[in-house]
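S.K.: have a look at this fold, sequence not included:
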């Protein structure tokens, strides 16, 4: 059993695929976070503009 565990640890086959998957996951997480923050900013800007337009329309 001990030899099997050490053999599994020393086996480097498929290691590149795992490294690429980790990089893709990190880039995906950064992209999701950026898009989420950007969308919140856009919604805030839209609400500000519609509020200003509503107040201009109410004054007339």
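M.R.: Received, thanks. Note that the structure is predicted; figures quoted are calculated from it, not measured. Numbers count the residues shown, from 1 in each chain.
S.K.: in this structure, which spans are helices?
M.R.: Per DSSP state H, the chain carries helices over the ranges 2-10, 15-59.
S.K.: by mean pLDDT, show me the worst of those helices.
M.R.: Mean pLDDT across the helices of the chain is lowest at helix 2-10; the value there is a mean of 73.
S.K.: picking that back up, need the winner for burial among the helices of the chain.
M.R.: helix 15-59 (a mean of 10; mean count of other CB atoms under 10 Å). Using the backbone N, CA and C atoms, a C-beta is placed for each residue, glycine as well.
S.K.: quick one: distance of it to the chain centre.
M.R.: 9 Å (CA atoms, centre = their mean, to the nearest Å).
S.K.: what of stretch 10-21?
M.R.: With CA atoms, centre = their mean, you get 23 Å for stretch 10-21.
S.K.: heads up, I number from 33, so please use that
M.R.: All set: I'll call the first residue 33, so the last point we hit is now stretch 42-53.
S.K.: that stretch: end-to-end distance?
M.R.: Terminal residues of stretch 42-53 lie 20 Å apart, using CA to CA, to the nearest Å.
S.K.: what's in contact with it?
M.R.: Contacts to stretch 42-53, defined as CB atoms under 8 Å, 6 or more residues apart in numbering, come from no residue at all.
S.K.: in this protein, which residue is closest to the centre?
M.R.: residue 64 (2.2 Å; CA atoms, centre = their mean).
S.K.: what residues does that one make contact with?
M.R.: Taking CB under 8 Å, 6+ apart as the definition, residue 64 has no contacts.
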